[in-house]
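Engineer: I would like to see how this sequence folds:
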Amino acid sequence: MATTNGEVVSNKQVILKNSVDGFPKESDMYLKTDSISLKVEQGSNAVIVKNLYLSCDPYMGVRMTPIDNPNFTTYPPGSPIQGFGVGKVVESEYPELKKGDLVWGVTAWEEYTLINNPQTLFKIQHTDVPLSYYTGILGMPGMTAWAGFYETCAPKKGEYVFISAASGAVGQLVGQFAKLFGCYVVGSAGTKEKVELLKNKFGFDDAFNYKEEHDLNAALKRCFPEGIDIYFDNVGGKMLDAVLLNMRAQGRIAACGMISQYNLEHTEGVHNMMNVMYKRIRIEGIFVFDYFPQYAKFLEVVLPSVREGKVVYVEDIAEGLENAPAALIGLFSGRNVGKQVVVILNNYVSGFPKESDMSMTSNTIELKVPHDSNGILVKNLYLSCDPYMRIRMKKLQGSYPISGHGVAKVLDSGHPGFKKGDLVWGKTGWEEYTLIESPESLFKIQHTDVPLSYYTGILGMPGMTAYAGFYEVCSPKPGEYVFISAASGAVGQLVGQFAKLLGCYVVGTAGSKGKVDLLKNKFGFDEAFNYKEEADLNAALKRYFPEGIDIYFENVGGKMLDAVLLNMRLRGRIAMCGMISQYNLDEPEGVQNLMTLISKRIRMEGFLVLEYYHLYPKYLEMIIPHIKEGKIVYMEDTAEGLESAPPALIGLFSGRNVGKQLLGLFIVIDL
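Structural biologist: This next block holds a predicted model:
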């Protein structure tokens, strides 16, 4: 197939002049005319294409900046800019492509491109639709919308979907896919014209101009009074912060792009990350390249919808390579409409809770369940102190008894599932006796050959949290690299031991030398460090994980999460269990490095243990033998008496406890 006397032709190119700080400008690029021989070296496997359409995409602005990220290749200054395009093969040494074939894939911003690795190109089989569509709806943006919505977000009919940058190449498609699926869809855009386009052409249920909204949180509450199930994020920053406040429980966020952050010297912090934990939100970064093997399946779904007019697509076409820089820059100021193509408690507790925020009172209670009640009356034996209890102390008006998990003995019962003398664990009050009116959520204790206090920890809510978060949320594999913050606590100590039993490499952090020694010498962690002694958490993690982190079990949030994001490996998983560093702040710290979710395709998922209690019998089958055989050890820090409850709870936030903090009421069992 090789040309023996390859014709030499002029080749106009768009060259990146220099690496860009801040917003790119047209002057950061220049037009150059070079020459190219339309001959492919024999046996090289390469092809030469004549570029017909070039795609302008927001990620290209990031590639113009000097980013130190092995998963994201930047443009070298002095070279042609690269991106997706549609081309025609003019010469080929690749057996799968012949002269005259139409292709789409990664090419350069020039008239002709020599492609040495044409295996990544897609041959265009369907020419009854506009060729330009292969830069958009039938190319990378279409695949991004399809994979992000259907694969990452796992939608259900009737769900509430929000899309930012919704009139762009990807957003307009996500909205239409969601409408075809039977969802309620709202989009945001930056002009009145684009808002009208979303509602009147793309069929969105509603849309708003984010530039006209002084309060994005209020705007989203107006559009989604019942909350958001799915957010397709193309923007990041303040919009993501507002969305987190409005997500529903078990919501999903596909982190596709963060265009508002690409040109900032310091990215904006996202402050509302604790909602990921409270609401069990899953945030997952996507890279379309991971889904290209499913391209044929994608075409089967999308092509008929295009041909039948069920999905429409708007393009903004600039003519000529000389207009390419202006077209690309226009993306960042919102000039384009559609896909840009170039032809050629007692009181409100603020801050750290204090012992004075709680008080001890004495009352009387009749040791009998009221007539016709379905409840049970219990004598509390052990009460659990847990960090989440701090959150429940916020914004209370008046005085309320504190509640939490505990172990108790049934004194009287009006419920057929419980009888006098039964031992139970579950939600109870911080009091000597509790009338539990809805005892269906309690677990009856069957195994009494282990300490009863364990049912506030390893055999109770913390144990199930560790089990569900590690095995169900993180989907671990032997040999993976696991990092755990607050690792000596009730949950962290178990996650580390579960990971070691599976054959993982495990590192934990804690706040004292004694706790670090405990992690390494009692719980069997491979390594551990005192985060208070580390001036640079990023450097510390690089030291302990030179190859990066596969799984991060998050109990802390804030600066630790920011550092971890920089050190996650490709397709890493983060289980959002707690954010204790943020619970006592009036304004949570901003998380700066969320763009790594996209570049590394990280899955970050919040979870609540309540949703995994159906697995409790399975968990007991695993954990009881391990306890009895000494394969799992558990540390408890027991305070005596109900009067010790306030200082025990407060001590959690200064790290006074070692292991699981609980209260022993030391009641005689044979009441």
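Engineer: Tell me which residues touch Val301, please.
Structural biologist: Val301 sits next to Trp146 when contact means Cβ atoms under 8 Å, 6 or more residues apart in numbering. Just so you know, the C-beta spots here come from the backbone N, C-alpha and C atoms, and that holds for glycine as well.
Engineer: Which residue ranges of the stretch 251-400 of the chain form strands?
Structural biologist: Ranges of strands within the stretch 251-400 of the chain are 282-285, 315-318, 339-343, 376-384, based on DSSP state E, counting those that start in this stretch.
Engineer: And those strands, which one averages the lowest pLDDT?
Structural biologist: Confidence, taken as mean pLDDT, is least for strand 339-343 of those (a mean of 56).
Engineer: any idea how far the closest residue to Asn45 other than its chain neighbours lies from Gly100?
Structural biologist: Closest residue to Asn45 apart from its sequence neighbours, by Cβ to Cβ, 6 or more residues apart in numbering: Tyr94 at 5.2 Å. Separation of Tyr94 from Gly100 (Cβ to Cβ, to the nearest Å): 13 Å.
Engineer: So which of these two has more stuff around it?
Structural biologist: Comparing Tyr94 with Gly100 by other Cβ atoms under 10 Å, the one with more neighbours is Tyr94, at 20 against 9.
Engineer: is it true that the more buried one touches Ala46?
Structural biologist: Yes - using Cβ atoms under 8 Å, Tyr94 makes contact with Ala46 at a distance of 6.8 Å.
Engineer: Could you name every residue contacting both of those two?
Structural biologist: Contact criterion Cβ under 8 Å, 6+ apart; residues shared by Tyr94 and Ala46: Pro118.
Engineer: For the residue nearest to Asn45, give me its contacts.
Structural biologist: Residues in contact with Tyr94, defined by Cβ under 8 Å, 6+ apart, are Asn45, Ala46, Val47, Pro118, Gln119.
Engineer: is it true that it lies in a helix?
Structural biologist: No - with DSSP: H, G, I helix; E, B strand; the rest coil as the criterion, Tyr94 is assigned coil and is not in a helix.
Engineer: That one and Phe162, how far apart?
Structural biologist: For Tyr94, the distance to Phe162 - Cβ to Cβ - is 43 Å.
Engineer: same check, this time on Ala466
Structural biologist: Counting by Cβ to Cβ - Ala466 and Phe162 are separated by 33 Å.
Engineer: Then Ser485?
Structural biologist: Using Cβ to Cβ, Ser485 is found at 31 Å from Phe162.
Engineer: So which of those two has more stuff around it?
Structural biologist: Higher neighbour count among Ser485 and Phe162: Phe162, with 29 against 25, using other Cβ under 10 Å.
Engineer: does that one really touch Tyr231, like I thought?
Structural biologist: Yes - between Phe162 and Tyr231 a contact is recorded at 5.0 Å, counting by Cβ under 8 Å.
Engineer: Spell out which residues are contacts of both of the two.
Structural biologist: Val243.
Engineer: Okay, now the unreliable bits of the stretch 301-450 of the chain?
Structural biologist: Within the stretch 301-450 of the chain, the segments meeting pLDDT under 70 span 315-316, 318, 331-362, 385-403.
Engineer: if I pick the spatially most central residue of the chain, what's in contact with it?
Structural biologist: By Cα atoms, centre = their mean, the chain has its centre lying nearest to Ile283, at 2.4 Å. The contact partners of Ile283, taken as Cβ under 8 Å, 6+ apart, are Arg252, Ile253, Ala255, Val276, Leu597, Arg603, Met604, Glu605.
Engineer: how about 6 Å then?
Structural biologist: Ile253, Ala255, Met604 (Cβ atoms under 6 Å, 6 or more residues apart in numbering).
Engineer: who's it bridged to?
Structural biologist: Under DSSP bridges, the beta-bridge partners of Ile283 are Ile253, Met604.
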